[in-house]
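A.B. asks: Build me a model:
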Amino acid sequence: MEKIDIKDFLFRQPSFPKQDPNDLFYLGVANELLSVYCNSELGKLVPEMVGKRLCLGITGYFQDIVADAGFWRSFVDANRKLYGYSVPFHVDGEAYVDYELNIEDVRFLTWYIIAMTYEDMRDIYPHDSRILTLADSMYAYLDSVYEEAPVSESYNIARGLELKDPEDQEEIYHLGSWLFLHCYLMTPAFALTMSQIMSDPELMNNEDVTTLHNRMEQSMMEDPTGPLALFIPEWLQLILEGKLPAERKSDKGIHPYYEKFIAATGGKRIKYFGNYEEMNRFFIDKMGWEKNEEHLPVMKPERNFVVMVNPQRGMLVARNAARCIADPENPYYDKEYAGKNAFDFLTVRGRCPADLVKFAFENGWLPDAVFPGTEDHELVAKNFDFISRCYLQQYYRD
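C.D. replies: This is a model prediction of the structure:
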């Protein structure tokens with residue numbers, strides 16, 4: 001594998017295209033990590049491009065914590081507020097030091113970057129021995145140079161900025177753009193969204209580069225990113241002010257579908273149907289929808305529906321989902337099928353509405369959702385919200 005060159009390295013730096021005096025040191029770090037990677041089991045299985053992204057990502061984390069730039073700090077603080085742990089999938093060891101180099105951090109980032117950027121290992125288990133072995137070797141190298149590592153001044157891009165200060169707005173916009181497009185912490189989770197954008201034939205067939213630029217500007221304003229699927233204004237608030245976004249409260253009243261559904265089901269928010277005909281009869285006979293009509297006709301070819309209501313947003317319908325829900329009152333639950341498909345609810349965009357994912361886990365109805373090849377339901381149950389944010393992004397946060 002060829003070494004990472006200075007152009008690839010600088011492209012991910014906050015000061016691009018300028019070169020920081022300490023960039024050559026960190027380019028050397030990235031290439032030492034690449035050597036560790038190439039000698040690992042994963043290095044023989046994962047494409048070169050992914051390996052380089054991994055090493056540049058781990059190097060970005062190293063620059064961040066040496067400079068105490070605040071990006072990793074904000075992620076750890078948010079995890080503690082949201083979930084009660086520092087890093088997803090890992091328990092803090094006795095040697096864990098806040099906002100400094102930690103083996104748990106490197107283990108998480110190794111999983112995160114590979115899972116988010118390499119389709120063939122998208123569902124790889126965070127405790128896979130190959131992940132842990134590679135991460136531990138990378139950590140050992142970083143630990144050996146930690147004391148001599150210089151501060152990358154360009155990484156202090158957020159220092160001194162105030163979110164509401166009009167004089168800081170230009171620099172804050174630059175910070176937001178860098179976070180969205182180049183930061184080691186954000187870009188892996190955005191990889192699938194980026195792939196979807198780049199596969200748009202209308203966009204790709206347009207020779208005007210302004211079109212792509214405008215599409216990325218739109219995405220930066222509208223799409224969440226990073227492992228927590230926060231929107232850029234939310235990341236900026238977290239980094240600059242240490243505040244998590246307030247939970248959105250709907251000012252809408254109770255949706256009429258909610259009341260009708262609850263009345264029709266005897267107080268239950270969820271109901272299951274084996275086929276379209278059963279569901280359509282329920283809509284007509286119980287919900288009072290127009291008779292002699294095929295409602296939601298796009299659903300006709302599908303089976304095993306879950307229909308659920310939310311007090312503010314009304315009714316949602318999930319197709320090909322009932323066999324995964326272990327509700328004691330669900331006659332269609334199929335443990336064997338669920339063992340192969342339930343994890344997709346958390347990782348495949350559009351597979352299952354977010355409200356249903358949350359409701360099912362809150363009730364313990366997705367016991368078969370595990371990383372493929374494992375039986376570690378506890379890890380998924382503890383981290384389901386994080387996993388869903390990380391994989392589903394806008395399909396979960398919206």
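
A.B. asks: Please spell out which residues along stretch 261-269 are buried.
C.D. replies: Buried residues in stretch 261-269, counted by 16 or more other C-beta atoms under 10 Å: 261, 264. C-betas here are computed from N, CA, C, even on glycine.

A.B. asks: I misspoke; the intended subject was stretch 155-162.
C.D. replies: Neighbour-count burial for stretch 155-162, counted by 16+ other C-beta under 10 Å, picks out 155, 157-158, 161.

A.B. asks: Can you show me the CA trace of that stretch as PDB?
C.D. replies: Extracted as PDB, the C-alpha positions of stretch 155-162 are listed here (Å, rounded to 0.1, in the frame of the first residue of the first chain):
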ATOM      1  CA  TYR A 155      -7.100  22.300  15.300                       C
ATOM      2  CA  ASN A 156      -8.000  25.100  17.700                       C
ATOM      3  CA  ILE A 157     -10.400  26.400  15.100                       C
ATOM      4  CA  ALA A 158     -13.200  26.600  17.700                       C
ATOM      5  CA  ARG A 159     -11.300  28.300  20.500                       C
ATOM      6  CA  GLY A 160     -12.600  31.700  21.600                       C
ATOM      7  CA  LEU A 161     -15.600  31.600  19.300                       C
ATOM      8  CA  GLU A 162     -19.000  32.700  20.700                       C
END
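
A.B. asks: residues in contact with it?
C.D. replies: Stretch 155-162 has contacts (C-beta atoms under 8 Å, 6 or more residues apart in numbering) with 14, 63-64, 67, 69-71, 168, 171-172, 174-175, 178, 239-240.

A.B. asks: all helices for the stretch 151-300 of the chain, in order.
C.D. replies: Assigned helices in the stretch 151-300 of the chain, in chain order: 169-181, 187-198, 201-204, 209-222, 232-241, 256-265, 276-285 (criterion: DSSP state H, counting those that start in this stretch).

A.B. asks: least reliable of the ones you listed going by mean pLDDT?
C.D. replies: Ranked by mean pLDDT, the helices of the stretch 151-300 of the chain end with helix 201-204 at the bottom, a mean of 68.

A.B. asks: still on that earlier bit, among the contacts of stretch 155-162, which two are most distant?
C.D. replies: Using C-beta to C-beta, these span at most 22.5 Å, a distance reached by Gln63 and Asp168.

A.B. asks: ok, back up a step: mean neighbour count, the helices of the stretch 151-300 of the chain: which tops it?
C.D. replies: A comparison of these by mean neighbour count, using mean count of other C-beta atoms under 10 Å, puts helix 232-241 on top with a mean of 20.

A.B. asks: for that helix, packing partners?
C.D. replies: Counting contacts by 3 or more C-beta pairs under 8 Å, 6 or more residues apart in numbering; DSSP states H and E, helix 232-241 is packed against helix 71-82, helix 169-181.

A.B. asks: okay, the angle between the longest one and helix 209-222?
C.D. replies: Spelled out, that is helix 169-181. 90 degrees (axes from the mean of the first three to the mean of the last three C-alpha atoms, to 10 degrees).

A.B. asks: cool, the first one as well?
C.D. replies: Orientation note: helix 71-82 sits at an angle of 40 degrees relative to helix 209-222 (the same axes, to 10 degrees).

A.B. asks: What's the mean pLDDT across helix 71-82?
C.D. replies: 96.

A.B. asks: What pLDDT is listed against the residue of the chain positioned farthest from its centre?
C.D. replies: Within the chain, the residue lying farthest from the chain centre (C-alpha atoms, centre = their mean) is Asn292, at 43.2 Å. The model reports Asn292 with a pLDDT of 92.

A.B. asks: what does the one 3 residues further on give?
C.D. replies: On the pLDDT scale, His295 is placed at 96.

A.B. asks: quick one: it from Glu259, how far?
C.D. replies: Between His295 and Glu259 the computed distance is 18 Å (C-beta to C-beta, to the nearest Å).

A.B. asks: for this protein, what spans make up the strands?
C.D. replies: With strands called from DSSP state E, the chain shows them at 270-275, 303-310, 314-318.

A.B. asks: Quick check: which of these is buried the most?
C.D. replies: Ranked by mean neighbours (mean count of other C-beta under 10 Å), these are led by strand 303-310, with a mean of 22.

A.B. asks: Once you drop chain neighbours, what's closest to Glu293?
C.D. replies: Nearest residue to Glu293, sequence neighbours excluded (C-beta to C-beta, 6 or more residues apart in numbering): Ile284, at 7.3 Å.

A.B. asks: What distance do you get for the one you found to Leu56?
C.D. replies: On the measure of C-beta to C-beta, Ile284 and Leu56 end up 57 Å apart.

A.B. asks: cool, and Gly373?
C.D. replies: The value you get for Gly373 to Leu56, if C-beta to C-beta is used, is 28 Å.

A.B. asks: By mean pLDDT, flag the weakest helix or strand of the protein.
C.D. replies: Using mean pLDDT, DSSP states H and E, helix 201-204 stands out as the lowest-scoring helix or strand of the chain, at a mean of 68.

A.B. asks: Could you list the low-pLDDT ranges of the protein?
C.D. replies: By pLDDT under 70, the low-scoring segments of the chain are 202-205, 207-209, 248-251.

A.B. asks: give me that answer again for 80
C.D. replies: Within the chain, the segments meeting pLDDT under 80 span 1, 195-213, 215, 245-253, 398.

A.B. asks: Give me the residues contacting stretch 354-371.
C.D. replies: Contacts of stretch 354-371 (C-beta under 8 Å, 6+ apart): 123-126, 269-270, 306, 308, 310, 313, 316, 318, 321, 324-327, 330, 335, 338-339, 342-343, 345-346, 376-377, 379-381, 384-385, 388, 392, 395-398.

A.B. asks: my bad, stretch 3-19
C.D. replies: For stretch 3-19, the surrounding residues in contact (C-beta under 8 Å, 6+ apart) are 20, 23-24, 26-27, 30-31, 34, 52, 55-56, 59-60, 152, 154-155, 157, 175, 178, 182, 184.

A.B. asks: In PyMOL, how would I select just the buried ones from those residues?
C.D. replies: Applying 16+ other C-beta under 10 Å to these, the buried members can be selected in PyMOL as follows:
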select buried, resi 20+23+26+27+30+31+34+52+55+56+59+60+152+154+155+157+175+178+184
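
A.B. asks: which residues does the residue nearest to Glu293 contact?
C.D. replies: Ile284 neighbours (C-beta under 8 Å, 6+ apart): 290-291, 293, 295.
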